[in-house]
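K.L.:
Next input, structure requested:
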Amino acid sequence: MKPLQPFNPLTPWEIAATLDDLCLATIAVLGDFCLDVYWPIDRSASEISVETGLPTEPVRSQRYSPGGAGNVVINLLALGVRRVFPIGVLGDDPFGRELSRLLQRPEIDTKGLIVQPENWATHSYVKPYVEAHEQSRLDHGNFNRLSPGTEALFFSRLDQVLSEVSVVLINHQVIGSIHDSPSFRERLGRVIQESTDVCFIVDSRKYHEAYAPAIHKLNDREVIRACGHPANADEAVPLDLLEQAVGELHARWKSPLVVTRGERGCVVCDGEVMLQVFGILLMGKTDPVGAGDTFVSALAAMVSTGKNLNAAAFVANMAAAVTAQKLFQTGTASPAEILGIASDADFAYRPELAESPHRARFFKGSEIEVIAEPPSALDIQHAIFDHDGTLSTLRQGWEKIMEPMMLRAILGDRLTTVPLDMFHHIEADVRTFIDRTTGIQTLEQMKGLVALVREYGYIPEAKILDEHGYKTLYNQELVELVHARARKIERGELSPQDFEMKGARAFLDSLHTSGVKLYLVSGTDEADVRDEADVMGYAHLFEGRIHGAVGDLRVDAKRVVLERIIQGGGLYGTKLLVVGDGPVEIREGRKRCALCLGIASNELCRYGLDLTKRTRLIRAGADYIIPDYSQLNQLRLLLGL
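P.N.:
Prediction:
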C-alpha cells in the first residue's frame with residue numbers, strides 16, 4: 001500500500017453539489033436503539049419519605065431524546081435523507097413507547113422496530129442532574145437477552161428492507177446489545193456476504209471482526225486495540241502507529257476503513273491508497289458528544305448517493321465539526337450548516353509534524369524548514385506581508401496587554417475576589433482564545449470578548465460594552481506602548497532596526513528589486529499600519545499598497561487584498577507569496593493556493609525560532625517555516641528569485 005497522503009479538500013461548490021443529492025438517499029439503520037432521559041432534580045421541593053425516612057429527589061421536568069441508533073436516525077433526517085428504515089428491538093415498557101413516539105416521522109418506516117415482551121428492556125440512560133451537575137446514571141437494558149423468535153422476526157424484517165435501501169448502517173454501542181448474540185452475528189455476517197447490491201457500514205465497539213466484508217468506521221483507539229496495542233484515552237494515537245494498524249486491519253478484513261481522530265480529522269483506507277483528511281479548526285468551545293453519530297450518518301448518506309469513500313469522509317468530517325460546536329446537547333448537522341462551515345473552513349494541517357520539531361526537514365543545510373515539497377517552477381510576482389511579528393516588533397507584547405484587559409472586562413469588580421480555581425479557568429479560556437485568534441482584526445477579537453463576558457455572567461448586561469467599546473480600552477493601552485517606542489526612534493535613542501525582524505528590510509529590498517509587487521496587510525487599523533511602516537522606514541517599498549482594518553467586520557483586509565490580486569490578474573500558486581507569523585494570513589493564503597512562508601521568530605530577540613509559533617503556522621498550512629530572514633541567499637534560492 002502507498003504511504004499516507006493528504007486528501008485535497010473539496011471546494012464549497014463540490015460540497016454543495018454533493019449535499020444536493022442527499023434527498024435521494026435511502027438508508028437502513030440496524031442496531032441498538034436507545035432513549036436518553038434527562039431528569040433535573042430540584043431539591044427545594046424535597047421531603048422526607050414516610051416509608052424510608054430518606055429525602056426524596058423531586059424531578060422538576062422530563063426530557064427524552066433518541067440515543068444510540070435512534071440518534072443516528074435523527075441525524076440522517078437532519079441531513080435531508082429521503083427515507084430511513086430503523087431495524088432494532090425495544091422492550092414492552094414506557095421508555096420503548098416513548099422512543100417509538102419520537103421516531104414517528106413521515107420519513108421513517110418504523111415497521112422494523114420489534115417489541116420483545118420478555119427479557120428485554122428498552123436501552124434507556126436516565127441522567128439525573130442537580131444544579132447542572134450530572135449524578136450517577138441509571139442504565140436500563142444491560143441484561144437483555146435476544147429470544148430466538150425475535151431474532152427470526154428481525155431478519156425477516158431486514159430481508160424486506162434490503163430491496164428498499166442502498167446502504168445498511170450497522171450500529172453497536174451498548175451492553176445487552178442484539179449483537180451480543182453469537183447466532184445473531186453469524187446470521188448478519190451471512191446477510192452481508194450475500195447482499196452484494198447493498199453497501200454495509202459497520203460502527204461497532206467490539207464486533208467488527210464478525211462483519212468483515214463491509215466498510216468499517218472506527219476511531220483511532222479502537223483501531224489500535226483491534227491490533228493488540230494499548231490505547232490511552234488521554235493521549236493522541238501517533239499517526240505512524242495508526243497508519244501501520246490501519247494497513248494491518250485492511251489486510252485482515254480486506255475491506256475499506258474510515259478512522260476518526262477527533263479534532264485531527266480522519267484517515268481513509270480504500271484499496272491501494274490511504275488518505276489523511278485534516279481536521280477542521282474551530283475557534284470557539286467544542287463538545288464532542290454526538291459528533292461520532294453525526295460523522296457516521298453523513299458518511300452513510302454520502303455513500304448512499306454514490307459518492308466515493310474519500311469524498312464521503314471529507315463531508316462527514318465537516319458534519320461532525322458542526323455538531324461539535326453545539327454545546328450541552330447531542331447535536332445534528334443540516335446541509336445548510338455543513339455548507340456554512342465549508343464556505344470558509346480552516347483546516348488543522350499536519351498536527352503530528354506541528355507538535356514534533358525533531359521531525360523537521362530543512363532546505364540545503366539552512367534553517368528554512370520545508371513542510372511541503374517546493375513546486376518545480378516558481379515565478380513570484382506578488383508578495384503579501386503581515387506586519388506585526390512578521391516585519392515589525394513595535395507592537396511586541398500586545399498579548400500581555402490584551403490578556404489582563406480581557407480578564408478585567410470579564411470579571412469586573414470580582415477580579416481580586418473570584419475563587420482562584422475559577423480565575424485560572426477563565427485565564428486559560430482567555431489565553432486559548434487569544435492564541436486561536438492571533439492575526440485577525442482586533443474588532444473581531446473584541447466581539448469574541450463580548451461573548452466571553454456574557455458567558456461568565458459576572459458583569460450585568462447593562463454594563464457590557466460592545467466590540468467597539470472594548471477595542472477602545474485595549475487600543476488606549478497598546479497605542480501608548482507603540483507611541484513610546486516610536487518617539488524613541490524619532491529622538492534617535494533607538495533605530496528602526498531595533499524593532500525589525502532580523503533581515504526583514506534586506507528581504508523586502510530584494511523582492512522589490514526583483515520586480516515583485518509588495519503588499520502590507522494587517523488586522524491593525526489601517527492608519528496605524530501606515531504610520532508604523534513610515535516609522536520603520538519601509539513604507540515606500542509597498543508603493544501605497546498598505547491595508548488594514550477599517551472598523552467594519554465585513555471588510556477583512558487580508559481576504560480583500562488576496563481576492564483583488566487573484567481576480568485582477570489570475571495570480572495564485574507559484575506566482576503569489578504570503579508571508580506571516582500568524583495563522584490567519586497563512587490560512588487565507590493556503591485557501592487560495594498561494595505559496596505560504598511562515599516566520600516563527602522570537603519577537604523579543606527578533607531572531608531565532610519560537611516553537612509555539614512554529615506549531616501554529618504548520619497547523620495553519622505553511623509550506624515553509626523560517627526563524628528570521630537572515631539566510632537571504634538560501635531564501636532567494638528556495639523561492640526561485
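
K.L.:
the strands in the stretch 51-200 of the chain, which residues?
P.N.:
According to DSSP state E, counting those that start in this stretch, the stretch 51-200 of the chain carries its strands in the segments 63-68, 83-91, 113-116, 123-130, 133-134, 138-140, 167-172, 199-204.

K.L.:
Which helix or strand lies directly C-terminal to the last one?
P.N.:
In this case it means strand 199-204. Toward the C-terminal end, the helix or strand that comes next after strand 199-204 (DSSP states H and E) is strand 215-219.

K.L.:
Quick one: mean pLDDT for the following helix or strand past that next one?
P.N.:
Per DSSP H and E, the first helix or strand lying C-terminal to strand 215-219 is helix 220-226. Taken as a whole, helix 220-226 has an average pLDDT of 92.

K.L.:
Could I get the buried residue list for helix 220-226?
P.N.:
For helix 220-226, burial by neighbour count (16 or more other Cβ atoms under 10 Å) applies to 220, 221, 222, 223, 224, 226. To be clear about C-beta, it is placed using only N, CA and C from the backbone, and glycine gets the same treatment.

K.L.:
Identify the residue spatially nearest to residue 261, adjacent ones excluded.
P.N.:
The spatially closest residue to residue 261, leaving aside those adjacent along the chain, is residue 220, at 4.9 Å (Cβ to Cβ, 6 or more residues apart in numbering).

K.L.:
pretty sure the one you found contacts residue 237?
P.N.:
Yes - counting by Cβ atoms under 8 Å, residue 220 does reach residue 237; the two are 4.1 Å apart.

K.L.:
Quick check: neighbours shared by those two?
P.N.:
Taking Cβ atoms under 8 Å, 6 or more residues apart in numbering as the contact criterion, the residues that touch both residue 220 and residue 237 are 231, 261.

K.L.:
Report the separation between the residue nearest to residue 261 and residue 264.
P.N.:
Using Cβ to Cβ, to the nearest Å, residue 220 is found at 8 Å from residue 264.

K.L.:
okay, and the common contacts of those two?
P.N.:
Joint contacts of residue 220 and residue 264 (Cβ under 8 Å, 6+ apart) are residue 236.

K.L.:
Buried ones in the longest helix seen in the chain, by neighbour count?
P.N.:
The helix that spans the most residues within the chain, counting by DSSP state H, is helix 467-490. Neighbour-count burial for helix 467-490, counted by 16+ other Cβ under 10 Å, picks out 467, 470, 471, 473, 474, 475, 478, 481, 482, 485, 486, 489.

K.L.:
Near residue 217, how many other residues are there?
P.N.:
As a burial measure, residue 217 scores 26 neighbours (other Cβ atoms under 10 Å).

K.L.:
Oops, could you answer that again for residue 576 instead?
P.N.:
For residue 576, the count of nearby residues is 23 (other Cβ under 10 Å).

K.L.:
So which residues of the stretch 351-500 of the chain form helices?
P.N.:
Along the stretch 351-500 of the chain, the segments classed as helices by DSSP state H, counting those that start in this stretch run 351-354, 398-411, 420-437, 442-456, 467-490.

K.L.:
pull the CA atoms of the last one into CSV?
P.N.:
Okay, so that is helix 467-490. Coordinates of each C-alpha in helix 467-490 appear next as CSV, following Å, rounded to 0.1, in the frame of the first residue of the first chain:
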residue,chain,number,x,y,z
GLU,A,467,-16.8,45.3,20.5
HIS,A,468,-16.0,48.9,19.7
GLY,A,469,-16.0,49.9,23.4
TYR,A,470,-13.7,47.1,24.3
LYS,A,471,-11.4,47.8,21.4
THR,A,472,-11.1,51.5,22.5
LEU,A,473,-10.0,50.3,26.0
TYR,A,474,-7.4,47.9,24.5
ASN,A,475,-6.1,50.4,22.0
GLN,A,476,-5.6,53.1,24.6
GLU,A,477,-3.0,50.8,26.4
LEU,A,478,-1.4,49.4,23.3
VAL,A,479,-1.1,52.8,21.4
GLU,A,480,0.7,54.2,24.4
LEU,A,481,3.3,51.5,24.2
VAL,A,482,3.7,51.9,20.4
HIS,A,483,4.0,55.6,20.6
ALA,A,484,6.6,55.5,23.3
ARG,A,485,8.7,53.3,21.1
ALA,A,486,8.2,55.5,18.1
ARG,A,487,9.2,58.6,20.0
LYS,A,488,12.5,56.9,20.9
ILE,A,489,13.2,56.3,17.2
GLU,A,490,12.3,59.9,16.4
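
K.L.:
Understood, closing this out.
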